[in-house]
Every structure is written in structure tokens, then in C-alpha cells.
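Trainee: here is a sequence together with a model predicted from it:
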Amino acid sequence: MKIIERRELKPKPAAGTPLGFGKYFTDYMFTMRYTREKGWHDARVEPNEPVAFDLATCVFHYAQGVFEGMKAFRRADGTISVFRPDRNWERMNNSADRMCIPRFPAELAEEGLETLLRLERDWIPSEPETALYIRPAIVATRVMLGVHASTEYLFFILLSPVGSYYARGLQPTKLLVEEFYSRSSLGGTGEAKCLGNYAASIKSGEIAEEMGFDQVLWLDSAEKKYVEEAGSMNVFFVFRGEVATPALVGSILPGITRASCLQLLADAGYPVSERRITMEEVAQAAESGALSEMFGTGTAAVVSPVGAFRYRGKDHVVNGGKIGELTARLYATLTGIQRGALPDVHGWNKLLR
Ligand code: COI
């Protein structure tokens, strides 16, 4: 793989600096380009520096683009591992299909990521709750204003050392159930990780934050009846021993942390269901005490407890606003596997050679 060296390296955040989420970026990035004539080509690791684009570049107008999120960890013995990258490449290609972006060879993306990580290994933090966040993306780069699929694309991978996604770490979050706006609808792009889904969510997110909530909880667009996801995380509920999460009906992101948690819960013998869950059921269960825990899952969010939600103007508290026992156990198991402290029986970690 071609590597273009940079003259000066950036200062790295000192150990113990609160990293936040997506604030620091490393020295290098991976890029490759697509044209109809050449397919995916010109794969290289190059300095992560500003790139100039013509303002008529189609991604700026019609958002033809997709992205991913994964994490690399530094273990106590110094080994570097990446969590389930194969699943992210697969999902990224599925998102690309939905957005009429040509599929890319996962092996090439993986080789690019590994070359990048070897070069940037000193940026990978080791403190608890930190990781190196990996942000691959593909954007349409043809200069044109016709509403058609681009014939040119840029694939890139950025790296960012991060702490907890939520400023308050593992403190339970507060969700506002969104009863007006929709994130996605059946036949829409909800199950693709595409740029527009996130743009469409910002207004609700701002309103929720102004009201003191961390995020919104989306309902289905047709009836505003069924729980979907929270935008940056899938959601799980613990109802009297049954762990339930919304079924992937087509408008929900098929989370890789979601799938991993379903597997871990099954391994531990919990009855788990993927089914349609009405918001009414959740609110009633919170009222009656049948909802003992609620949490979100995602690459950035990991396993995040939900301590309260507002639905139809009424506030509901979950588990006294504290992190639940199962949520805490799931967080510890998942992060233990990711950091090499627990056995990786499913072979999820890809170790960097
Ligand atoms: C992730 O968890 O990686 C996400 O992409 C969610 C959000 C930060 C956009």
C-alpha cells in the first residue's frame, strides 16, 4: 500500500485529556477513488489534511454518501484489536447499494485500515472507556447538478481518539420520545447508514437537547406507535425477565453492537425477543414497574443505560434513574471482550499484526 508521509506530526492529546467524541483526528487517513473506467483504485495512506472540492460536487447537494463507525482498542499487553470490522464492511456495502454507490472490495478497505492503524498506533488511547474511533465514509465526487448517481467517488477512513459518546459517561441518559418528526419510513433509507438519515435527525435532536434530554427515541413514521431506535443507538428493554429490542423491519439500522449484545444475552441464557414493541407497552411497563431496565447500543454509545424518558408529555423513570444490573453486566462483558480481558469465544476481535 502506498504511504505518503507528512512533514510534521500533530501533537497528540496528553494522557488523561478528556477526549470527548470526534474532536481529535490523527495525522493520516486512508483514501481510494472510484471512476467508471478504473473501478476502485489509487488506494493510499496520506496526510489527513484539508482537501479542496468544487462546490458543485454532488455530495454537497444530494447527500449521496454513506459512512460507518467502528473502534480499535489498545489492550493491557499493548496489542491492538478492532471489533468486528468484517461486519462493518458488509453493512457499508449494503448501505452503498441502497445509495447507488458502487460496492468496494472489503479486503482492500481492510488492508487500508490495517496499514493506517499500524502507522497511527501511538494515537490509540488505553485509558478505560477510551478507544480509537474509526470513521470510514464514501462520498459522491462528480461535479454535476443532475439528480443521478455520481460516476466518481471518494472512499476515506479517518481516525479519532475518543472517550465516552455521552459527556456524562455511563450516567443514564434521558430520551424524549419524538411524536412529530420521523427519522425514516418503510421503503426509505432507515436501514442504510447514509448521510441524509443523520441530517434529518438534527432538528429533533436540537429540540430535545434544549428541553434537557440527551437524544430522541424515534417511533415508526406510519402510525407513531412502534419504537424504532434512538438515532445513534439501537434500544433494548428488560420487561419482567424478557429482554426485547425492536425487530429490524427495514427502517432501523442493523446495529453491530445490537447483534453482539443479542448474542451475549443468548449466551448467558436470557430469553431475548426481536419484535415490534409499542411505545404504549413501554410506558405502561414503566408505570407498573414491569420495565426494569432500558439501554441503548452502538459503536459510539457502547451499552448506554437509559434512566428516563418523556412520552406524550409524561415523564417516566426507569430503574430509579440508575444503571440496571443487566445493562452493567452487558457493558462489562462487551468491553471486556473488546479489550481482551474476557475470552473472545465468537472470534469478534481482529488483532493487528
Ligand atoms: C456509531 O455509533 O458509530 C455511529 O455512527 C453513531 C453516531 C456517532 C453517528
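Mentor: Yes, it's here. Remember, predicted model here, so these are calculated numbers, not experimental data.
Trainee: can I see the domain layout of the protein?
Mentor: Structurally, the chain divides into domains by automatic domain parsing as follows: 2-162, 173-339.
Trainee: of all those domains, which lies closest to the ligand?
Mentor: domain 2-162 (1.9 Å; CB to the nearest ligand atom). (Glycine included, C-beta is placed from N, CA and C.)
Trainee: hmm, the closest one in reach of the ligand?
Mentor: Yes - contact of domain 2-162 with the ligand (CB under 6 Å from any ligand atom) involves residue 69.
Trainee: residues in the stretch 251-353 of the chain within reach of the ligand, list them.
Mentor: 298, 299, 300.
Trainee: in the protein, which spans are helices?
Mentor: In the chain, the segments counted as helices under DSSP state H are 59-62, 85-98, 106-119, 195-210, 256-267, 279-288, 325-338.
Trainee: for the first one, buried residues please.
Mentor: Put plainly, it is helix 59-62. 59, 62 (16 or more other CB atoms under 10 Å).
Trainee: for it, packing partners?
Mentor: strand 131-140 (3 or more CB pairs under 8 Å, 6 or more residues apart in numbering; DSSP states H and E).
Trainee: adjacent strands (with direction) for the strand it packs on?
Mentor: strand 65-67 (antiparallel), strand 70-74 (antiparallel), strand 152-162 (antiparallel) (DSSP bridges).
Trainee: export the ones you listed to a markdown table and tack on mean neighbour count?
Mentor: Formatted as a markdown table, the strands paired with strand 131-140 follow (neighbours: other CB atoms under 10 Å):
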| stretch | mean neighbour count |
| --- | --- |
| strand 65-67 | 23 |
| strand 70-74 | 23 |
| strand 152-162 | 21 |
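Trainee: redo the ones you listed as CSV? Include mean pLDDT and distance to residue 245.
Mentor: As requested, the strands paired with strand 131-140 are arranged in CSV below (pLDDT from 0 to 100; distance: least, CB to CB, whole Å):
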stretch, mean pLDDT, distance to residue 245
strand 65-67, 98, 23
strand 70-74, 97, 21
strand 152-162, 98, 25
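Trainee: dump these to TSV, plus distance to residue 21.
Mentor: Converted to TSV, the strands paired with strand 131-140 look like this (distance: least, CB to CB, whole Å):
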stretch	distance to residue 21
strand 65-67	15
strand 70-74	12
strand 152-162	5
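Trainee: if we go by neighbour counts, what in stretch 260-267 is buried?
Mentor: 260, 261, 262, 264, 265.
Trainee: could you list the low-pLDDT ranges of the stretch 101-250 of the chain?
Mentor: Within the stretch 101-250 of the chain, no stretch has pLDDT under 70.
Trainee: which residues touch stretch 328-336?
Mentor: Contact with stretch 328-336 is made by 170, 257, 260, 261, 264, 265, 268, 295, 302, 303, 305, 342, as judged by CB atoms under 8 Å, 6 or more residues apart in numbering.
Trainee: pLDDT (mean, whole number) over stretch 257-269?
Mentor: Here stretch 257-269 scores 97 as its mean pLDDT.
Trainee: show residues contacting it.
Mentor: For stretch 257-269, the external contacting residues (CB under 8 Å, 6+ apart) are 84, 87, 233-234, 236, 243, 245, 272, 274, 297-299, 301-303, 329-330, 333-334, 345-346, 348.
Trainee: show the buried residues in these.
Mentor: The neighbour-count test (16+ other CB under 10 Å) applied to the contacts of stretch 257-269 identifies 84, 87, 233-234, 236, 243, 245, 272, 297-299, 301-303, 330, 333-334, 348 as buried.
Trainee: residues in contact with the nearest residue to residue 167 once chain neighbours are set aside?
Mentor: Using CB to CB, 6 or more residues apart in numbering and skipping the chain neighbours, the partner closest in space to residue 167 is residue 20 (7.4 Å). Neighbouring residues of residue 20 by CB under 8 Å, 6+ apart: 162, 163, 167.
Trainee: and the second one, how close does it get to the ligand?
Mentor: Looking back up the chat, that one is residue 163. From residue 163 over to the ligand the distance is 13 Å, taken as CB to the nearest ligand atom, to the nearest Å.
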